[in-house]
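Asker: the sequence and its predicted three-dimensional model are supplied below.
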Amino acid sequence: MSSGFVSEVDLAERRKVRKEMWEKNKKDSDPDEPPEEPAPDHRSLYERLKEQKDKKQEDWEEAHKLKNMVRGLEDDEVDFLELVDNTKMQEEKRIREEELTAIQEYRKKVSQMQQKAIEAEVLSELKPESKRPATSGGEKKKSSQISLLAGAIKRKKSDDDSGGKEKNAKIKKSSSEEEHVGKTIEEIKPKTAYIK
């Protein structure tokens with residue numbers, strides 16, 4: 001196995017052989033002297049391969065840069081994109097208008113329904129009043145209310161017979177109240193007896 005060193009004699013022989021080969025194969029357009037032999041590379045294989053890989057990576061990145069990929073739009077493409085934008089805007093405008101008309105119709109129907117409900121309520125309030133006969137009225141209304149209230153009030157019955165006496169007293173009181181409807185307080189006071 002030989003060492004990595006090369007002697008000067010070996011280098012001189014190589015140059016001489018190379019020069020002879022050059023003169024044999026030389027064309028008229030080539031220079032008289034043979035080209036220089038590349039200097040020997042004393043780096044490790046890893047360093048040489050890494051350099052080649054880095055160089056290839058740089059070349060690839062340069063070829064695929066974003067600035068190299070972007071190009072200007074042509075007139076046909078610009079026209080097409082404008083057409084697409086215009087159609088989208090028209091569609092959105094049409095949808096907005098449809099929504100607004102639907103909302104307005106809904107509001108109109110709601111207000112009509114509310115108006116009808118109010119009218120029905122007013123009519124229902126007016127009809128019962130118109131059905132009642134117009135009599136010299138305050139007396140009859142009050143007496144009927146008193147009789148209804150007297151019948152509606154229910155007391156607890158006690159075990160003794162005093163309940164019957166109270167009931168009779170209440171009935172007498174309600175009948176006397178019916179007599180006093182429409183009279184002033186001064187007219188009623190002397191006739192009223194309080195039950196204890």
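Answerer: Arrived safely, thanks for sending.

Asker: only C-alpha atoms for contact and neighbour calcs from this point on.
Answerer: Noted.

Asker: now do the helices in the chain.
Answerer: Shown for the chain, the helices assigned by DSSP state H span residues 8-25, 45-63, 66-69, 75-131, 138-152, 162-180, 185-188.

Asker: what is the rounded mean pLDDT of the fourth one?
Answerer: Helix 75-131 comes out with an average pLDDT of 91.

Asker: so what secondary structure elements neighbour that helix?
Answerer: In terms of contacts (3 or more C-alpha pairs under 8 Å, 6 or more residues apart in numbering; DSSP states H and E), helix 75-131 is not packed against any helix or strand.

Asker: so what's the residue count around residue 26?
Answerer: Neighbourhood size, residue 26 [other C-alpha atoms under 10 Å]: 14.

Asker: swap that for residue 18, please
Answerer: Neighbours of residue 18 under the rule other C-alpha under 10 Å: 14.

Asker: cool, the one 5 residues further on as well?
Answerer: Counted with other C-alpha under 10 Å, the burial measure for residue 23 works out to 12 neighbours.

Asker: quickly list the domain ranges of this structure.
Answerer: The record's domain split for the chain, according to automatic domain parsing, is 9-69, 74-125.

Asker: of those domains, which is nearest residue 147?
Answerer: Proximity to residue 147 (C-alpha to C-alpha) singles out domain 74-125 among the domains of the chain, at 24.1 Å.

Asker: can I get the helices of the chain in JSON lines with distance to residue 33?
Answerer: Listed next are the helices of the chain as JSON lines, based on distance: least, C-alpha to C-alpha, whole Å:
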{"stretch": "helix 8-25", "distance to residue 33": "8"}
{"stretch": "helix 45-63", "distance to residue 33": "29"}
{"stretch": "helix 66-69", "distance to residue 33": "43"}
{"stretch": "helix 75-131", "distance to residue 33": "58"}
{"stretch": "helix 138-152", "distance to residue 33": "140"}
{"stretch": "helix 162-180", "distance to residue 33": "150"}
{"stretch": "helix 185-188", "distance to residue 33": "151"}
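
Asker: for the domains of the chain, which one sits closest to residue 144?
Answerer: Closest approach to residue 144 among the domains of the chain is made by domain 74-125 (20.3 Å; C-alpha to C-alpha).

Asker: for residue 36, find the nearest of the helices of the chain.
Answerer: Closest of those to residue 36 is helix 8-25, at 9.4 Å (criterion: C-alpha to C-alpha).

Asker: for residue 76, give its distance to residue 48.
Answerer: 50 Å (C-alpha to C-alpha, to the nearest Å).

Asker: quick one: which of the helices of the chain is nearest residue 37?
Answerer: Comparison of these against residue 37 by C-alpha to C-alpha identifies helix 8-25 as nearest, at 8.5 Å.

Asker: mind listing what's buried in stretch 13-27?
Answerer: Neighbour-count burial for stretch 13-27, with 16 or more other C-alpha atoms under 10 Å as criterion, is recorded at residue 22.

Asker: now that stretch: average pLDDT?
Answerer: Stretch 13-27 shows a mean pLDDT of 82.

Asker: for it, list the C-alpha coordinates in PDB.
Answerer: Taking Å, rounded to 0.1, in the frame of the first residue of the first chain, the C-alpha atoms of stretch 13-27 are listed here in PDB:
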ATOM      1  CA  GLU A  13       7.000  12.300 -15.300                       C
ATOM      2  CA  ARG A  14       3.200  12.800 -15.300                       C
ATOM      3  CA  ARG A  15       3.600  16.300 -16.800                       C
ATOM      4  CA  LYS A  16       5.900  15.000 -19.500                       C
ATOM      5  CA  VAL A  17       3.500  12.200 -20.500                       C
ATOM      6  CA  ARG A  18       0.600  14.700 -20.500                       C
ATOM      7  CA  LYS A  19       2.400  17.100 -22.700                       C
ATOM      8  CA  GLU A  20       3.200  14.400 -25.300                       C
ATOM      9  CA  MET A  21      -0.400  13.300 -25.300                       C
ATOM     10  CA  TRP A  22      -1.500  16.900 -25.800                       C
ATOM     11  CA  GLU A  23       0.700  17.400 -28.800                       C
ATOM     12  CA  LYS A  24      -0.500  14.200 -30.400                       C
ATOM     13  CA  ASN A  25      -4.200  15.100 -30.000                       C
ATOM     14  CA  LYS A  26      -3.900  18.800 -30.400                       C
ATOM     15  CA  LYS A  27      -6.000  20.600 -32.900                       C
END
